[in-house]
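In: give me a 3D structure for the following:
(one chain, ligands or ions: 1)
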Amino acid sequence: MSKAASGVRTSDAEGIAPQAWSDLIVRRCGLAFRHIRMPEVIGIVHGQMRARGIEHETEYYTLLARPGDGSGEWDALIERLTNHETSFFRHPPSFDALRLHILPELRATRPPGGRLSLWSAGCSTGQEAYSLAMCAIADNAHGQFTVWGSDISHEAIKIARQARFGRRSISTIPEHYRQRYLVPINDNGAGDFTIVEDLTQRVRFMGTNLVEPDGFRASHDVVFCHNVLIYFSPAAVTQAVARLAASVGLGGYLLLGPGEAPHDRPPGLEPVIVNGVRAFHRRTARPMEIKS
Ligand SMILES: C[S@@+](CC[C@H](N)C(=O)[O-])C[C@H]1O[C@@H](n2cnc3c(N)ncnc32)[C@H](O)[C@@H]1O
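Out: Residues are numbered from 1 along each chain as shown. Predicted coordinates:
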């Protein structure tokens with residue numbers, strides 16, 4: 001066994017051990033692949049390496065492992081490692097909890113005219129963020145709100161901003177919302193739809209990595225994170241949940257997907273059941289919200 005320039009043990013004379021790739025990917029974006037999928041992941045890494053014109057795995061590994069360096073290279077690799085499967089109103093019970101309980105409660109307890117903030121963390125191509133926006137606007141058409149959609153994938157964010165969806169993909173939107181918030185696009189006969197401007201102008205998208213600190217420190221009334229943490233290592237789940245919890249403002253809620261139970265309670269939040277859905281609620285102020 002030899003040692004790569006970065007100090008990582010290599011599996012043979014020229015290669016990087018699959019475990020070292022796996023550890024690097026987890027560190028960088030939280031994604032943990034099952035043992036059985038590792039050959040496929042290594043194949044993706046090799047494909048990306050060759051596309052970059054790099055011959056030796058150790059050189060490519062060193063480039064990716066250098067802090068702050070190779071970030072363009074990571075972006076390209078992450079596009080190929082992430083799963084962007086999504087749909088409108090994907091887990092209906094979470095949206096029912098939001099529509100029937102959380103939004104009315106927030107409206108009742110917030111000062112009149114106050115702006116609500118909702119965050120779809122790991123929003124993929126935008127369907128989840130637009131679903132949240134449909135619930136929020138239907139709850140109070142004149143109320144002020146912003147939905148933030150974030151994802152590590154820049155490609156997904158680009159598609160989300162276009163707000164263009166095929167006939168099949170809009171079929172999971174409840175009929176009354178479809179009538180009100182979707183409009184056909186008549187440019188090329190593809191039968192695509194877009195979302196009314198009144199909604200798109202209240203939804204903002206950005207690239208964010210949930211396991212890296214960045215400048216996005218807003219305080220949200222609702223943080224929604226579904227089908228993202230199920231792909232993370234346990235340590236990355238803890239890290240991401242702490243980050244999500246820290247961005248829930250006083251009286252706000254964190255809603256995770258059904259398969260995304262964190263081992264520990266999200267710091268500062270209380271587990272609650274809302275309309276049959278497990279959620280986490282901030283009942284007491286975060287230190288920065290306490291006014292002396
Ligand atoms: C399967 S999709 C889920 C989309 C949507 N939340 C839903 O439930 O339909 C998972 C998304 O998480 C994103 N993702 C993966 N790792 C991430 C990370 N470290 N930070 C932010 N987003 C991440 C992926 O790019 C992908 O778009």
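In: write out the residues of the stretch 101-250 of the chain neighbouring the ligand.
Out: 122-124, 128, 151-153, 156, 208-211, 226-228 (C-beta under 6 Å from any ligand atom). For the C-beta atoms, the positions are set from N, CA and C on the backbone; glycine is no exception.
In: swap the cut-off to 8 Å and go again
Out: 120-125, 127-128, 150-153, 156, 208-212, 224-228, 231-232, 236, 240 (C-beta under 8 Å from any ligand atom).
In: what about these, which are in strands?
Out: Judged by DSSP state E, strands contain the following of these: 120-121, 150-151, 224-225.
In: nearest to Q201 among those residues?
Out: Q201 lies nearest to S120 out of these, by C-beta to C-beta, at 16.3 Å.
In: list the contacts of the closest residue to that closest one other than its chain neighbours.
Out: Ranked by C-beta to C-beta, 6 or more residues apart in numbering and with sequence neighbours excluded, the top spatial neighbour of S120 is A129, at 4.1 Å. Contact partners of A129, counting by C-beta atoms under 8 Å, 6 or more residues apart in numbering, are 120, 123, 147-149, 160, 203, 205.
In: could I get these as a markdown table with pLDDT and neighbour count?
Out: Listed next are these as a markdown table, based on pLDDT from 0 to 100; neighbours: other C-beta atoms under 10 Å:
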| residue | pLDDT | neighbour count |
| --- | --- | --- |
| S120 | 98 | 29 |
| C123 | 98 | 32 |
| V147 | 97 | 29 |
| W148 | 97 | 22 |
| G149 | 98 | 29 |
| A160 | 98 | 26 |
| V203 | 98 | 24 |
| F205 | 98 | 22 |
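In: which parts of the helix or strand of the chain with the lowest mean pLDDT are buried?
Out: Every helix and strand in the chain was compared by mean pLDDT, DSSP states H and E; the lowest is helix 71-81, with a mean of 89. Residues of helix 71-81 classed as buried: 73-74, 77-79, 81 (neighbour count, 16 or more other C-beta atoms under 10 Å).
In: near the ligand too, which of these?
Out: Applying C-beta under 8 Å from any ligand atom to these, those adjacent to the ligand are I78.
In: just the closest of the buried residues of helix 71-81 to the ligand, please.
Out: The closest of the buried residues of helix 71-81 to the ligand turns out to be I78 (C-beta to the nearest ligand atom; 7.1 Å).
In: you'd agree the closest one is up against E155?
Out: No - using C-beta atoms under 8 Å, I78 is not in contact with E155; the gap is 9.3 Å.
In: contacts only, for the residue nearest the centre of the chain.
Out: The C-alpha lying nearest the average C-alpha coordinate of the chain belongs to G122 (C-alpha atoms, centre = their mean; 0.8 Å). Taking C-beta under 8 Å, 6+ apart, we find G122 in contact with 150-152, 210, 225-228.
In: 7 Å - rerun?
Out: 151, 210, 225, 228 (C-beta atoms under 7 Å, 6 or more residues apart in numbering).
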